[in-house]
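> Next comes the sequence, and after it the predicted model I'd like to discuss.
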Amino acid sequence: MRLGVVGFGGRTCGLVYGPFREAEPDIQVVGIVDPDENGVRQKLSESDRKKAVFYETLEEMVCKAKLDALVIGSRCNLHAPYAIKAAKFDLPLYLEKPVAVSMKQANDLEDAFEKSKCKVVVSFPLRTSPLCAFAKDLIQNGAVGNPVHIMAWNYVTYGTVYWEELYRDYKITGGLFLQKATHDFDYMSYLMDSPITRVGAMATFQKVFGGKKPAGLVCSKCGETDTCLESPINRKRNNSGWHNNDHHCVYSLDCGTTKTGTNEDASSAVVEFASGAHGIYTQVFFSRRDAAARGSTVSGYLGTVEFDWYENSLRHIRHHKPFSDIVKAGSGLSHFGGDLELAYDFFNLVKGKGQSRTSIWTGIQSVYTCLAARESALKNRFVKVRQTGQSG
Ligand SMILES: NC(=O)c1ccc[n+]([C@@H]2O[C@H](COP(=O)([O-])OP(=O)(O)OC[C@H]3O[C@@H](n4cnc5c(N)ncnc54)[C@H](O)[C@@H]3O)[C@@H](O)[C@H]2O)c1
């Protein structure tokens with residue numbers, strides 16, 4: 001199976017040589033569009049390194065490389081422009097999230113895919129993870145009755161990535177609703193079987209990260225590493241970082257300001273569903289260690305279904321019968337098993353069987369929800385969520 005990849009960075013490399021290979025051992029990366037040819041070559045497997053050809057454009061790669069499928073894993077702000085190009089071809093597409101970072105990009109994407117035959121798997125591993133699918137099954141089979149409320153949480157313990165890596169460039173990410181909540185709004189909608197139609201959100205900026213340290217500062221050039229909790233030495237001593245290497249300062253001017261745009265330390269949203277149900281979602285980016293948590297509680301009159309991916313378990317409480325269940329899930333899977341499920345969906349599309357569970361429309365709808373949340377937090381008022389299909 002011949003893959004063409006646009007943006008072969010850390011995420012795509014991990015996917016291709018992890019879950020993709022596991023789902024389909026016979027894959028080869030034969031075409032690449034990525035300006036960092038040297039960096040990519042170091043990531044490629046030995047056999048792919050020999051065969052892969054670098055192209056200037058997606059169009060040239062599709063015309064020349066005899067591809068079976070396309071993967072777009074470039075940075076966030078480039079997903080939509082590349083996907084719009086891919087929509088002209090009839091090749092199955094694996095598209096990284098967020099599928100767009102602005103209303104214009106999302107509208108253009110919708111227009112491009114309205115008439116397209118290109119089938120898409122959007123990279124939403126939470127929706128496809130076995131634990132979420134299990135919860136969905138229970139809810140669909142009446143475990144809570146009519147779902148009336150959802151509470152979802154996300155305590156991110158590797159959140160410094162959004163202040164020390166390229167993700168701190170607001171022009172690329174567009175903030176952390178788009179970057180992170182795009183997954184959660186998507187699976188919340190899926191579990192509640194209803195799109196989100198209205199959002200009221202709040203965000204807290206620069207109480208923890210961001211600041212006035214010089215642009216370009218890295219720990220190895222800083223005089224405060226003995227006292228700074230984010231220095232490699234202190235992260236190592238406290239077992240508190242997702243890595244202990246030299247890194248860009250999380251308190252630097254490079255992290256942006258509320259005027260120029262910057263990522264939030266924490267943000268939350270109250271959401272209303274088309275069904276009339278409502279729920280809340282909250283995300284915190286400075287948590288560490290055992291604080292890791294991501295999951296939700298779905299409630300109806302008849303019961304509660306609650307799960308957390310980090311605990312890897314689910315509870316089902318019957319409100320009107322004296323029985324409760326605790327279900328333990330298997331462990332050790334990439335993105336809680338969701339990446340592997342996405343890989344199966346993707347290769348099934350290539351083989352002409354099955355359907356994507358995370359179509360382009362789920363990706364675009366989630367972006368509309370994230371954009372509404374961002375606008376709500378910035379303007380301090382509730383915002384209606386645009387629904388896909390409204391462009392006519
Ligand atoms: N679905 C998930 O759960 C998940 C997890 C992690 C990352 N991601 C997403 O994956 C994307 C990539 O993240 P990453 O951590 O791999 O970043 P990365 O910086 O490691 O990779 C991005 C790649 O895109 C390349 N690139 C830059 N400009 C380009 C251009 N004009 N054309 C083509 N390629 C270009 C870079 O050289 C790099 O190789 C992000 O958008 C991120 O949101 C998704």
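That came through, no problem. Numbering: from 1, shown residues only.
> Contacts made by the helix or strand that contains Cys63 with the rest, please.
Assigning secondary structure by DSSP states H and E places Cys63 in helix 58-64. Contacts to helix 58-64, defined as C-beta atoms under 8 Å, 6 or more residues apart in numbering, come from residues 4, 6, 31-33, 53, 55, 67, 70, 82, 85-86, 88-89, 91. To be clear about C-beta, it is placed using only N, CA and C from the backbone, and glycine gets the same treatment.
> biggest separation within those residues, which pair?
Distance extremes for the contacts of helix 58-64: the farthest pair is Val53 and Lys88 at 20.6 Å, using C-beta to C-beta.
> picking up where we left off before, kindly format the C-alpha coordinates of the helix holding Cys63 as CSV.
The C-alpha coordinates for helix 58-64 follow below in CSV (Å, rounded to 0.1, in the frame of the first residue of the first chain):
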residue,chain,number,x,y,z
LEU,A,58,0.7,17.7,-3.2
GLU,A,59,-0.6,17.9,-6.8
GLU,A,60,2.8,16.8,-8.2
MET,A,61,3.0,13.9,-5.7
VAL,A,62,-0.5,12.6,-6.5
CYS,A,63,0.2,12.8,-10.2
LYS,A,64,3.6,11.1,-10.1
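> any idea of the pLDDT on the closest residue to the ligand within the chain?
Nearest to the ligand in the chain, going by C-beta to the nearest ligand atom, is Gly9, at a distance of 1.7 Å. What the model reports as pLDDT for Gly9 is 97.
> Return the residues of the stretch 151-300 of the chain in contact with the ligand.
Remark: the part of the stretch 151-300 of the chain in contact with the ligand comprises Leu166, using C-beta under 6 Å from any ligand atom.
> tell me the strands in the stretch 151-300 of the chain, going along the chain?
196-204, 266-273, 278-284, 293-299 (DSSP state E, counting those that start in this stretch).
> for stretch 84-98, which positions count as buried?
Buried residues in stretch 84-98, defined by neighbour count with 16 or more other C-beta atoms under 10 Å: 84-87, 89, 91-98.
> which parts of the stretch 1-150 of the chain sit against the ligand?
So far as C-beta under 6 Å from any ligand atom goes, the stretch 1-150 of the chain lies against the ligand at 6-12, 33-36, 39-40, 73-76, 78, 96-97, 123, 125.
> Going by neighbour count, list what's buried in the longest helix anywhere in the chain.
When the chain is scanned for its longest helix (criterion: DSSP state H), the result is helix 360-379. Of the residues in helix 360-379, 360-377 count as buried by neighbour count, 16+ other C-beta under 10 Å.
> rewinding a little: next secondary structure element downstream of the helix holding Cys63?
strand 69-72.
> which secondary structure elements does the helix or strand following that following strand contact?
Next along the chain after strand 69-72, taking DSSP H and E as the criterion, comes helix 76-86. Here helix 76-86 touches helix 58-64, strand 69-72, strand 93-95, helix 103-114, helix 170-173, going by 3 or more C-beta pairs under 8 Å, 6 or more residues apart in numbering; DSSP states H and E.
> looking at these, which is closest to Gly279?
helix 103-114 (22.4 Å).
> relative to helix 360-379, how tilted is that closest one?
Interaxial angle of helix 103-114 relative to helix 360-379 (axes from the mean of the first three to the mean of the last three C-alpha atoms, to 10 degrees): 170 degrees.
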